[in-house]
Structures are given as structure tokens and as C-alpha cells.
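Colleague: predicted coordinates and the sequence they were generated for:
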Amino acid sequence: MEYVNPEGLRVDGRRPMEMRQIRAEIGAVSKADGSAIFEMGNTKVIAAVYGPREVQNRSQQMSDQALVRCEYSMANFSTGDRMRKPKGDRRSTEISLVIRQTMEACILTHLMPRSQIDIYVQVLQADGGTRSACINAATLALADAGIPMRDLVTSCSAGYLNSTPLLDLNYVEDSAGGPDVTVGILPKLDKVTLLQMDSKLPVDILENVMQLATEGCKAIANYIREILLENTKQLEYRRGS
Amino acid sequence: MRGIQLQLSQTQKVRLQKALEQLESLSSKVNSDASVTIADSIPVNHEDGVLKGHGTTDLNGEVVATLCGVVERVNKLVYVRSLRSRYKPEVGDIVIGRVVEVAQKRWRLDINYSQNAYLMLSAMNMPDGVQRRRTALDELNMRCIFEEMDVICAEVRGFQHDGLHLQARSQKYGKLSTGQLLTVPPYLVKRQKQHFHHLEQYGIDLIIGCNGFIWVGEHVEARDDMVEDQVNQTDPQVLIPNKDSVSFEEQEKNYTALETRKYICRAANAVRVLSSLGFIITLEIIKGVFELSLSSNLDIHDMLGSEFCVLVAEKEAERRSSNKKKR
């Protein structure tokens, strides 16, 4: 199948280096300590953070750092065909683990000893790149909850189809079976915290694709920063003195 | 928009927008670019020497924020005051908590902190007001004082090796009953000299806990514990109130007048409106909202409606701008 037509446009009419429309909203869950909705095109994810709070399972308590937990789930209505998935299937366990490790790397856990932070992410609409969207939503929710972090983590995916590197794959491109590189970076520290790839790519091309994904991450980071700053300003002026 | 999930009509939207814009313009004159987000670098003058406080780290010689909030500078100290986050206890704070567990010689309380707080049996006055050693019998009878899910008011004593400790060494602290507990984000509560308030004309008590838990209840007269004489000191077991056999007269005595209950609900709704708008919560402002609802003859349930919310926002903008002019 042709994923990039001769005019250089993709299936959904984007250029190869173009990202989908992103939108973020803070404060979607009123009872949570922090929450956010993040959208990348048709992919829509909601994240809620509870904590730092008392550790529920006393045996997991750590006296020098916080325990970070993450639960990823997909709503039944999120995909085209409505499927009843068991809660603990392998895919969601794996993504939960990935998100947990990525977030744990940036949270300053040593500042909150003997406590626990719960991150719940749910996919409301799935259209490729759910992993990246979840990480971005979780970052926003953590920042909203006032949890100290080294840096914002942002994530973006890129692929390689029809010998063209493509930024931010959607579902159709994702299911083409080509390579799909998901990158998570700390933009300020300029470090990579997450790198995943399906199938194979030559090393020199991987470099290009990764570079493209990193650029995408940086664009998302700028957007997230804007949203957070606006939110902080709003909270401050409404509070008054 | 955060917190406001109401159906607003077009005119209400415009009015709310206008009021909020006015609030924004009032605050922006004071500190325009003090807000930071995570990983923003904070401009500092390195020649004077810098003390990095909470919410900051060092990155290649730069001071970088690790929280979203407002930069505060006190002489050399630079720190970030976070807005939406859990409560951070300070010694002497008055807090309200809910008992989650009755443990050995102590109660564990949820006070909206990252850990539970402890209230030791020895760190509180006994309800009979007698000062004495706590015996094993007292320990067994702890549930008669506070049970799980009881709401308690106490003071932060400090950090011990095993966590945060509270104390309740006065009759004004202790179990709270006949009222409502409200939870607001802790950044909306300012530390003040007085956190216990008694609104005489309405017969209600208002306790604004520093941890964002706010108690609105019927007024109770604080007993002076020194009046109680040693003469009528009895066996502690006699003091245990038996819940099942509360006499009819007793029930009658504990009955809260309808009028008072209405005032409690009204004050509670005033706090709810303020917290949904994200305005700072102090006695004066709660009183203002309370009286606004009374003077506009609103039903209690209408206070949570969109019209009153817009009205409160407008009043608040007016109040702040008039405060500004006075200065």
C-alpha cells in the first residue's frame, strides 16, 4: 500500500514531518490531586494522579523514597471494534510498566519518602501513538499535582514507511507493520528516557527517524510548558493575596 | 476552565470572563513574571550568593524549578511556592483530620499530607479534663474517645522519628460533631493568627484548617477544663457513654435547630463556591459570600448554581479593586 503519495502527502493528508493537532487540558478529574486530558489528533487520553499519599500495602513502603505506581487501561469504546478486554492483559501490563519507569525517572522520589504516587491513564480514543499520548498526559497530571520533577518528560513516535521517515504515526500507518520508534526525552536535560522500536531498521536510518521523533518531543514540550504556565498564572491570579 | 463545570448562559459567560480579567489585571501589576513551570530556569544574581529553597535544583550552575508555582525571594533564599499540591505541615498549624485507624496508644489521621499523622493518646487532654497518667485501661478505651472516621481538630506538634505527630492539649481541639467537613485545595488557605471562628449571630463555628479541611458546625461552648474538680473524679469506665441507651431527653438536648442547620449549609456552600472559583478562603470572604446569599434571598441549593457563582466572582473583583485603591 502507498503511505506517502507522489505529492508527498500521507494517508490523512499530512506532510511526512508534520505532527497531528495536539491539545491539552488540565484539571479533568475533580477529586484527583492532579489530572489532565491530552489529545494527539484522534488519540485522546485522560490521566489522573493521586498522591503522594500513605502507602496502601505496608510491605511496599520505602523509607527513603516514594513508591510510584501506574495503571494503563483502554476504554472498551476506544477502538473501532468494541472488544471486551480482560483488565490485566499483556499489552496493558507492558505499557503500564513503560509509563511507570519513564515517570519514575523524572520524579524526585527521594523528596517524598514513605509515600506512594498513583498514576492512572485511560485511553478514550485510540488512533495510534497511545503510548506517547499517555506519557504526555501523565507528565501534565504530575505537574498539576505539584509533584517535584527533574524535568518534563515528553514522548512522540516516528516511523519509516515507503522509504520516508514519518512523524507521529496514526493507526493506519502504525498497523502497516513497518518500524515504529517511540522516543521519550527530557527536553531541558537533553536526555533520552524511553526508546522502543517494533521490527527492524538500519542504523543510519534509525538515527534520522530518532532525530525526527526527538524534534516532535521538543515541539510537544513547548506546548505543554505553555499550558502549564497559563494554568499556574490563572491559579495565582484567581487566588489573589 | 479549571473547577467551573457549570452551564453558563452567554451573558453569564461574558460577565464571568470580565470579572476574571479584572482579577488578572489586579494581580499582574504586582508580580508579572514570577510564575514558573517545571524545568524553567529562575533568573538569579549569582554575585550576591543564592540559597536554593524548596522546588529548586541546580543544573549546570543555573537555578532550575522542579515545581509549577510562584517564585518567592527572601533575602538570599529563592524558592518556588507550589500551588496545587498536598498540604505541607508546619509546627503549630491547626489542622482537621479524619481518623483512619486506632492503633497502639495512638490514632492515625488522614490530614491530606503524603503520610498519615499520629495523635498519641498521651498528647491529648482526656475528655474528663483530668490530668493523669494514661493507664492500660485508657488504652483499651481509646475507641470511646475517637473512633474510625471521626473528624478531629488538632495542632501539628512536629516530626518524630516515625512520622508526623499532632497534639490536642486544649478543650478547643478534639472531636467535631454536628456539622460538615469540606475539603478545599490547601493553597487557598492562608496561615493566620486565628483559625477558630465563631459567628455569633448565626450560632455556627467555622474552623479553617491549614490543610485545606474546613469545618462548619454548630457552635459548641468550649468547656474550661480547670473547673472540673478532683472531687467528682470517678472511675474512667463510668465516663464511657453508652451509645445504644441514649435517653430521649439526651436526644432532645443534642437536637440542632433547623435555623442553625440552614446556616451551616449556607456557610458550607459559600466555601464550596469559593473553592470552585479558586479564590482565597478567609473568614471575611466567607462572611461576604454568606451575606451576599442572604441579602439576595437565595435558597441554599441555588448557591451552587451558575448565577451565584458569577455574582461571587464579580463581588470578589470589586472587593479586591477597592482594597487596592485604599492602599
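Modeller: Right, received. Where do you want to start? Bear in mind the structure is a predicted one, so any value in this text is a computation, not a measurement.

Colleague: let me see the contact set for residue B:212.
Modeller: The contact partners of residue B:212, by CB atoms under 8 Å, 6 or more residues apart in numbering or on different chains, come to B:87, B:112, B:183, B:184, B:185, B:186, B:187, B:188, B:189. In short, each C-beta sits where N, CA and C put it, glycine included.

Colleague: neighbour count and secondary structure added to these, as a markdown table?
Modeller: Output for those, formatted as a markdown table (neighbours: other CB atoms under 10 Å in any protein chain shown; DSSP: H, G, I helix; E, B strand; the rest coil):
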| residue | neighbour count | secondary structure |
| --- | --- | --- |
| B:87 | 21 | coil |
| B:112 | 23 | coil |
| B:183 | 16 | strand |
| B:184 | 21 | coil |
| B:185 | 21 | coil |
| B:186 | 22 | helix |
| B:187 | 21 | helix |
| B:188 | 24 | helix |
| B:189 | 22 | strand |
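
Colleague: all the helices of chain A, in order from the start?
Modeller: Along chain A, the stretches classed as helices by DSSP state H are A:90-106, A:130-144, A:171-174, A:203-239.

Colleague: please identify which of those helices is closest to chain B.
Modeller: helix A:203-239 (4.0 Å; CB to the nearest CB).

Colleague: buried ones in that closest one?
Modeller: Going by neighbour count (16 or more other CB atoms under 10 Å in any protein chain shown), the buried part of helix A:203-239 is A:206, A:209-210, A:212-217, A:219-221, A:223-225, A:227-229, A:231-239.

Colleague: kindly identify which of those residues also come near chain B.
Modeller: A:225, A:228, A:229, A:231, A:232, A:233, A:234, A:235, A:236, A:237, A:238, A:239 (CB under 8 Å from any CB of the partner chain).

Colleague: for residue A:42, find the nearest of the helices of chain A.
Modeller: With CB to CB as the measure, helix A:171-174 is the member of the helices of chain A nearest residue A:42 (8.1 Å).

Colleague: by contact count, what packs against the closest one?
Modeller: The elements that helix A:171-174 packs onto, with contact taken as 3 or more CB pairs under 8 Å, 6 or more residues apart in numbering or on different chains; DSSP states H and E, are strand A:154-161.

Colleague: is chain B contacted by the strand it packs on?
Modeller: No: applying CB under 8 Å from any CB, one finds strand A:154-161 separated from chain B by no less than 10.9 Å.

Colleague: what do you get for stretch A:178-195?
Modeller: Yes: in terms of CB under 8 Å from any CB, part of stretch A:178-195 sits within range of chain B, namely A:187, A:188, A:189.

Colleague: just give me the neighbour total for the residue of the stretch 1-150 of chain B found nearest chain A.
Modeller: Scanning the stretch 1-150 of chain B for the residue nearest chain A gives residue B:85, at 2.5 Å (criterion: CB to the nearest CB). Neighbourhood size, residue B:85 [other CB atoms under 10 Å in any protein chain shown]: 23.

Colleague: read off the pLDDT value for the nearest residue to residue B:292 once chain neighbours are set aside.
Modeller: Spatial nearest neighbour of residue B:292, chain neighbours left out: residue B:315 (6.0 Å); criterion: CB to CB, 6 or more residues apart in numbering or on different chains. The model reports residue B:315 with a pLDDT of 93.
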